[in-house]
Every structure is written in C-alpha cells, then in structure tokens.
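Chemist: need a structure here:
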Amino acid sequence: MSTLAERLAAALAADPSKSKAGLARACAVSKPAVTGWFQGGGLDGVNLIPAAKYLGVTPEWLVTGRGQMTPSITETRLTPTIWDNESEVDGEKFFWAPMEPEEVNGGPTGSDNHEERYEAPFRRSWLASEGVKPQDFAVMRVSGRSMEPALWDGNVVGIDKGKRRIIDGRIYVVRLDDHPMVKAIRRDIDAKQLVLVSYNADKSMFPDIRIDEDQAAGRLQVVGIVFWQAGKPFGGH
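Modeler: Below you'll find the model as predicted:
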C-alpha cells in the first residue's frame with residue numbers, strides 16, 4: 001500500500017467498528033480534516049499517535065507503509081497467583097525468569113540506573129504457548145520514551161533470546177556499540193542499511209538510527225525479539 005489514504009482505508013476495513021467520524025473524534029480534528037487524509041493530504045506528527053492508537057496499527061506502518069501493520073507484542077491479562085513465600089511456587093508449573101540487571105534504553109530521556117537482579121515466576125505452559133524455551137526467556141525494564149506508544153517508560157518486556165534473526169518491522173532488544181536499547185528494526189535495501197526505528201513521532205528528540213550493513217556485524221548485537229510486555233498498554237498514558 002503505497003499511499004496514506006490506502007493504509008487508512010485498509011485499517012478501517014480491518015475493523016468494522018471503526019469509522020472516519022470516530023477517527024476524527026480520536027484525533028480531535030474536524031471530519032473534513034479526516035476526509036482530506038483520505039484524499040491525499042498529509043498526517044502530521046501531532047495526529048499520528050492518536051490515529052494509530054484508534055486504528056490499532058503501528059505508527060511506522062501508518063505513516064510509511066513499512067513494518068508490521070498491527071502491534072506484535074502481546075499484553076498480559078493473566079490472573080495473578082499470590083504466594084506467601086517462594087517455597088510455595090510449584091517448580092513444575094512455573095519457571096523463574098531472570099530480570100536482567102540493566103534497563104534497555106528507549107530514548108535519550110531514559111536513565112542508566114541499574115536495579116538489583118532478581119527473578120520472577122512465569123507459567124511454563126504460557127511460555128510453551130508462545131513458543132519460547134525457558135532457557136531463552138528473560139525480562140528487562142524499558143527506560144525512556146522513544147518507543148511510545150508501543151512501549152512506555154517503565155514497562156517490562158519479555159525477550160526470546162532464541163529468536164535473533166531479524167524480521168522486518170519487529171521489535172528487538174539489541175546492543176549497539178555495547179549499549180542496550182529496544183527498537184524496531186527494518187531493512188533499507190536501497191541504502192544497504194539497517195534502521196533502528198523509534199516509534200515516537202518526535203524525530204527531533206527520538207531520531208531513527210541507521211547502520212551500514214557492512215558495519216552491523218561489528219557494532220550491532222541482537223539480544224532477542226520482544227514478544228510480551230507488562231505495564232501501560234498500547235497507547236495508554
């Protein structure tokens with residue numbers, strides 16, 4: 001889909017409950033303004049985030065057509081189990097996943113604070129349903145605002161370290177020049193570059209990072225794919 005109008009139409013068609021009038025209300029603009037988007041007008045950064053949130057699509061796909069149309073990260077809605085102490089946790093049903101001792105930077109406003117390493121229990125059956133091996137699973141905390149509205153400052157993300165092959169548009173935890181960060185990755189075939197994409201529409205504060213493919217092996221390490229998050233949901237402040 002090469003145009004914004006085509007992508008808007010596709011997003012509305014994918015969910016019959018959505019409408020142009022609803023999109024106008026979500027973005028606090030007039031109906032004629034929305035009609036203009038469907039007729040070749042541009043969608044500015046102020047309206048991009050609320051439009052993507054209302055339509056249930058990723059901001060990058062909506063504005064560029066690249067990457068995945070819908071957010072690929074699942075949000076937890078599991079009913080919590082409460083124990084009085086760790087000895088009550090059934091080791092056959094639960095796996096103790098390590099919380100990595102560092103935060104993954106989600107933007108220049110993120111902190112470099114390191115928290116004490118600890119572990120948290122997750123159901124083995126849930127990991128199996130996600131196709132994740134326990135030994136490949138870890139959790140990290142996001143610091144910063146560059147991935148809003150997909151990930152928010154303070155969210156915890158689940159990482160599958162067994163899946164490091166780059167799939168265009170998916171979100172990964174990576175190390176760039178040994179600095180941990182969470183970004184969507186896409187390939188710019190024409191420029192022969194990997195692009196670490198920030199979802200935040202304010203590109204003056206959160207610019208995308210371009211890496212020449214011939215330099216990527218020495219600078220970029222993919223830690224694993226992000227497949228789960230806990231905290232504020234997509235679009236929620």
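
Chemist: for residue 29, see how far away the residue positioned nearest the centre of the chain is.
Modeler: Centroid check for the chain by C-alpha atoms, centre = their mean gives residue 150 as the closest residue, at 4.4 Å. For residue 150, the distance to residue 29 (C-beta to C-beta, to the nearest Å) stands at 23 Å. The C-beta positions use only the backbone N, C-alpha and C, and glycine is treated the same way.

Chemist: so the residue nearest to the centre of the chain makes contact with residue 198?
Modeler: No. In this structure residue 150 lies outside contact range of residue 198 using C-beta atoms under 8 Å: 10.0 Å.

Chemist: now the common contact residues for the two.
Modeler: Listed as contacting both residue 150 and residue 198 by C-beta atoms under 8 Å, 6 or more residues apart in numbering are residue 184.

Chemist: just to revisit the earlier point, quick one: the residue nearest to the centre of the chain is in a helix?
Modeler: No. Secondary structure of residue 150 (DSSP: H, G, I helix; E, B strand; the rest coil): coil, not part of a helix.

Chemist: got phi/psi on it?
Modeler: When read as degrees, to the nearest 10, the backbone of residue 150 gives phi -80, psi -40.

Chemist: per-residue confidence at it?
Modeler: You'll see residue 150 listed with a pLDDT of 78.

Chemist: show me what contacts residue 209?
Modeler: Residue 209 makes contact with 176, 183, 195, 196 under the criterion C-beta under 8 Å, 6+ apart.

Chemist: the first one touches residue 219, doesn't it?
Modeler: Read that as residue 176. Yes. Between residue 176 and residue 219 a contact is recorded at 6.1 Å, counting by C-beta under 8 Å.

Chemist: pull out the buried residues from the helix or strand containing residue 128.
Modeler: Assigned by DSSP states H and E, residue 128 belongs to helix 124-129. Of all the residues in helix 124-129, those buried under the rule 16 or more other C-beta atoms under 10 Å are residue 127.

Chemist: just checking, what packs against the very next helix or strand once past it?
Modeler: Using DSSP H and E, the next helix or strand after helix 124-129 towards the C-terminus is strand 137-143. When contacts are defined as 3 or more C-beta pairs under 8 Å, 6 or more residues apart in numbering; DSSP states H and E, strand 137-143 packs onto strand 94-105, strand 156-160, strand 179-188.

Chemist: how far out from the middle of the chain is strand 137-143?
Modeler: 12 Å (C-alpha atoms, centre = their mean, to the nearest Å).

Chemist: now it: average pLDDT?
Modeler: Rounded mean pLDDT across strand 137-143 is 89.
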